[in-house]
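Undergrad: fold the following, please.
(chains A and B)
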Amino acid sequence: MWENIKDFASTFFVTGDPLIYGADVSIALTMVAIVFVLTKFKKWGWLWREWLTTVDHKKIGIMYLIASLLMLFRGGVDALLMRLQLAFPNVEFLHSEHYNAIFTTHGTIMILFMAMPMMFALFNIVVPLQIGARDVAYPFLNAVSFWMFLFGAMLFNLSFVIGGSPDSGWLAYPPLSELSHSPGVGQNFYIWGIQISGIGSLATGINFLVTILKMRAPGMKLMKMPLFSWSVLSSCITIIFAFPILTVTLALLFIDRFLGAHFFTMTGGGNPMMYVNLIWMWGHPEVYIVVLPAFGIFSEIVATFSKKTIFGYKSMVFAMMVISVLSFFTWVHHFFTMGAGADVNAFFAISTMAIAIPTGVKVFNWLFTMFRGRISIKQPMLWTIAFIPCFLVGGATGVMLAVAPADYQYHNSYFLIAHFHQVLIGGVVFGYLAGIYYWWPKMFGFKLDERLGKWGFWLWNIGFYVCFMPQYALGFMGMTRRLYTYGWDMGWAPLNLVSTIGAFLMGAGFVFQVWQILYSIKHGERDTTGDPWNGRTLEWSIPSPAPLYNFAVVPQVKGADDWWLTKQARENGTAQEEKVQLEPIHMPKNSGIPFIMSACWFVAGFGFVFGWIWMAVVGMIGVALTMWARSFQYDTDYYIPVDEVKRTEASLGRAL
Amino acid sequence: MQQVMTHHEHGHDHEHDHGHEDHENLKVLGFWIFLVTDCILFATLFATYVVLMHNVAGGPTAKELFEMPGVIAETFILLTSSFTSGLATLAMHKGKTKQLIGWLVVTALLGLSFVGLEINEFVNMVKEGATISTSAFLSAFYTLVGTHGLHVSVGLFWMLALMIQLGRRGITPVTRRKVTNLSLYWHFLDVVWIFLLTVVYLLGVM
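TA: Here you go, the predicted structure:
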């Protein structure tokens, strides 16, 4: 009996590595601390009523933001561990298997559990406010999306201490990810973690597409819509077309592993290249899914901080739409070297390079917007300006990679690693950080401290170039990706050491940002006007943080940059203040079902991971029952009476 | 915009305000977009099937396995169920609740017999030794056809829930939207089946 338990525990828990024991202890301590604090301050009820059951898009956005920052920390620690291992030749800090697990989880977490939720955070917080809506199209579904993302992410992260992490790369190519090469449960964690959160992402795509198409304030024609909302629209269209492919691909891989099917195995007539094609048919558009909203953010910030209308609005919209279409015709450039033939490679080389054209149009538009503008360099603008040269270099190296014959030299080298970090950090992370700084007052009612923010900014930026520029050179010197150690004779040591130093500078930048947030909670400049940056779009016309119903009166939109027009009209004395007629506001009721349903998905996923059918069945029954229960709920909304709206507005300093 | 409503009806009598009516239309639009994603899901499975359909790895081929009489029966049953679900929608537009539920019952029974026949077909194939792990062709076959069957089964559960709600509440804007979405879903599955019949079965026995 005792032996059996010991046997089980030694396979169930990850053992044998002091780093992981350390993690076990810190996870246990954190959990105990959370439970203790919640119990001591009697906050369980508050947590349930205000957060776990909420359907308010602003709160859901904040939860996405917190989750994504935690995941940025975890993915960042993975990165630092890798860089420590590679700092000198022949380092024995991590075993090769552990190293494989770490680069796999670093990639997966950064793209799917950091970039995606950070993007959804901004979707949720900004889009309804920017288009003058009181909510998203499907508030309940929005909560389902968030909780499915969170439970999926938790399932994935659990693999770290229970069962073992996936270790076949962030896209899990077969045969490495097949049962024959990855017999443990790590790969199952990968499949189910992503599958569950992926369904949530797909639902978010549908939700925000309909929100933007149908919930805009009266008068806001599509061509009067702010550019961030346009970028969300193009990103959502891409999600809707790309994510079902991911769902199928992961399902097929699981059927291979679980039922012994032969989709991607070398035996039984399967075809591993089919997987590589399918995963990149999702994976390449995914890159544009995360970068397009960043382009929208830069457009908003450049206009606001240059005090000018964005240059070339129509070409901006057109460029984003073209990018979202072209993104589906480039996937083969990820495997030029796999023998598709010259004609196929040529097609995909040209379609890949073609994306540089609309992207270039956008960069020029941002520059022309700044030209002769009255630029004020606050933190959001700082990150935007830093983005431009960074993305320029990343784009140029991207075109180098797109040259199919030359790619035979760069393929899977450190040159590639440097390139995609440059576009993804320079484009996506800088963009989302700029967006977080920009909309932070709208979320929380105070600004983030400038001085600490500048420390963070310079450490991130200097660290970035110190980290990744050497990697371009290392790629040319023959260093390939995913190798866990190398000898002195290769001559890679000095550049690797420099790169590691750069990574730690970026880590220090992140520490400053965390410090900045903590410091600003107490000392940050309060935003009493609701319009701290002298903004141009509708979200700045309401108090910060926005009340539950966003707009007491739904605005009548007259043009692009509507809030700017209103402010100008007021200054000129030409404003026609209409008499306000308040009406009761229709709102959705909170619900515990999204949380419970997603918890059931987690249980089912855990059962599938370990092949415990009984547990998977229990989980799936739970999912079905919660859906059934929701279907029988008819009393799902309520009205906020006029008196309450008046009271709330008065308490926010607004007279109506 | 959909929240705009006249003040005197505040807090009750939801069924008659425009806010609610618009919201139901919004849900129909969302369901159309969901069906787009489902289309892509099936397209991906079809692509996989077409790539792998000749990789039989020494196992049985489509020609040896497929028995057309059963498949043709399945086709007729599913097409008829699509027709009866259309009749259900017509009854709903006429405001006849009982007739609506009646046609839904017929639709569900037809759907159930379709699923039954499909399970029977799968069991027979497995008995002949053609399992999901026999060859890449069969992996793709069972997954593609099985996913369609799973969709039909989910639709049956949904239909059951809806029949209970219709019995309790009759035809309201909410149940009306639910019936509309369900019949969209059901017709969609019919269209997918036509592609299955063509690409999998007809191409297979030819």
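Undergrad: mind checking the SS state of whichever residue of chain B sits closest to chain A?
TA: Chain B approaches chain A most closely through B:Asn55 (3.0 Å), counting by Cβ to the nearest Cβ. Where C-beta positions appear, they are placed from N, C-alpha and C, glycine not excepted. With DSSP: H, G, I helix; E, B strand; the rest coil as the basis, B:Asn55 sits in coil.
Undergrad: wait, it touches B:Leu138, no?
TA: No. With contact defined as Cβ atoms under 8 Å, B:Asn55 does not count as touching B:Leu138 (9.6 Å).
Undergrad: okay, those two: which has more neighbours?
TA: When B:Asn55 is set against B:Leu138 and neighbours are counted by other Cβ atoms under 10 Å in any protein chain shown, the residue ahead is B:Leu138, at 28 against 19.
Undergrad: quick one: contacts for the more buried one?
TA: B:Leu138 sits next to B:Val56, B:Gly59, B:Pro60, B:Ala130, B:Thr131, B:Ile132 when contact means Cβ atoms under 8 Å, 6 or more residues apart in numbering or on different chains.
Undergrad: turn the residues you listed into CSV, including neighbour count, pLDDT and secondary structure.
TA: As requested, those are exported to CSV (neighbours: other Cβ atoms under 10 Å in any protein chain shown; pLDDT from 0 to 100; DSSP: H, G, I helix; E, B strand; the rest coil):
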residue, neighbour count, pLDDT, secondary structure
B:Val56, 20, 93, coil
B:Gly59, 20, 90, coil
B:Pro60, 17, 93, coil
B:Ala130, 21, 94, coil
B:Thr131, 18, 95, coil
B:Ile132, 21, 95, coil
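Undergrad: check which helices and strands the helix or strand containing A:Gly509 sits against.
TA: When secondary structure is defined by DSSP states H and E, A:Gly509 falls within helix A:493-523. Other helices and strands packing on helix A:493-523, by 3 or more Cβ pairs under 8 Å, 6 or more residues apart in numbering or on different chains; DSSP states H and E, are helix A:57-86, helix A:450-476.
Undergrad: can you mark which positions in that helix are buried?
TA: Within helix A:493-523, the residues that qualify as buried by neighbour count (16 or more other Cβ atoms under 10 Å in any protein chain shown) are A:493, A:495-500, A:502-507, A:509-510, A:512-513, A:516-517, A:519-520.
Undergrad: which bits of the stretch 251-400 of chain A sit near chain B?
TA: Taking Cβ under 8 Å from any Cβ of the partner chain as the measure of proximity, the stretch 251-400 of chain A contacts chain B at A:251-252, A:255-256, A:259-263, A:265, A:267-271, A:274, A:278.
Undergrad: and those, which of them are in helices?
TA: Members of these lying in helices (criterion: DSSP state H): A:Ala251, A:Leu252, A:Ile255, A:Asp256, A:Leu259, A:Met274, A:Leu278.
Undergrad: can you give me the neighbour number for the closest residue to the last one other than its chain neighbours?
TA: With sequence-adjacent residues excluded and distances taken as Cβ to Cβ, 6 or more residues apart in numbering or on different chains, A:Leu278 is closest to A:Thr249, at 4.3 Å. Counted with other Cβ under 10 Å, the burial measure for A:Thr249 works out to 29 neighbours.
Undergrad: I'd like to know which elements the host helix or strand of A:Thr249 is packed against.
TA: For A:Thr249, the element it lies in under DSSP H and E is helix A:227-259. Contact analysis of helix A:227-259 by 3+ Cβ pairs under 8 Å, 6+ apart lists helix A:116-130, helix A:186-214, helix A:272-306, helix A:313-326, helix B:18-52, helix B:136-169 as its packing neighbours.
Undergrad: what's the offset of the first one from the middle of its chain?
TA: When C-alpha coordinates are averaged (Cα atoms, centre = their mean, to the nearest Å), helix A:116-130 and its chain have centres 10 Å apart.
Undergrad: could I have the CA atoms of it written out in CSV?
TA: What follows is the C-alpha trace of helix A:116-130 in CSV, where atoms were taken according to Å, rounded to 0.1, in the frame of the first residue of the first chain:
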residue,chain,number,x,y,z
MET,A,116,-3.2,36.9,-26.0
PRO,A,117,-4.7,37.8,-22.6
MET,A,118,-2.9,41.2,-22.6
MET,A,119,-4.5,41.8,-26.0
PHE,A,120,-7.9,40.7,-24.7
ALA,A,121,-7.4,42.9,-21.6
LEU,A,122,-7.2,45.9,-23.9
PHE,A,123,-10.0,44.7,-26.1
ASN,A,124,-12.3,44.5,-23.0
ILE,A,125,-11.3,47.7,-21.3
VAL,A,126,-11.1,49.9,-24.4
VAL,A,127,-13.4,48.8,-27.2
PRO,A,128,-16.9,49.4,-25.6
LEU,A,129,-15.7,52.7,-24.2
GLN,A,130,-14.2,53.8,-27.5
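Undergrad: compute the first-to-last residue distance for stretch A:127-139.
TA: For stretch A:127-139, the separation between the terminal residues is 13 Å (Cα to Cα, to the nearest Å).
Undergrad: quick check: mean pLDDT of it?
TA: If you average the pLDDT over stretch A:127-139, you get 95.
Undergrad: quick one: that stretch to chain centroid distance?
TA: Computed by Cα atoms, centre = their mean, the separation of stretch A:127-139 from the middle of its chain amounts to 20 Å.
Undergrad: do the same with stretch A:440-447
TA: Computed by Cα atoms, centre = their mean, the chain-centroid distance of stretch A:440-447 equals 20 Å.
Undergrad: same check on stretch B:85-95?
TA: Mean C-alpha position of stretch B:85-95 versus that of the full chain (Cα atoms, centre = their mean) differs by 18 Å.
Undergrad: what's the closest of the helices and strands packed on helix A:493-523 to A:Gly341?
TA: Proximity to A:Gly341 (Cβ to Cβ) singles out helix A:450-476 among these, at 25.5 Å.
Undergrad: tell me what the closest one is packed against?
TA: When contacts are defined as 3+ Cβ pairs under 8 Å, 6+ apart, helix A:450-476 sits against helix A:379-402, helix A:414-423, helix A:493-523.
Undergrad: quick revisit: most neighbours of all the ones in helices among the residues of the stretch 251-400 of chain A next to chain B, which one?
TA: Neighbour counts for these were taken using other Cβ under 10 Å; the highest belongs to A:Asp256, which has 27 neighbours.
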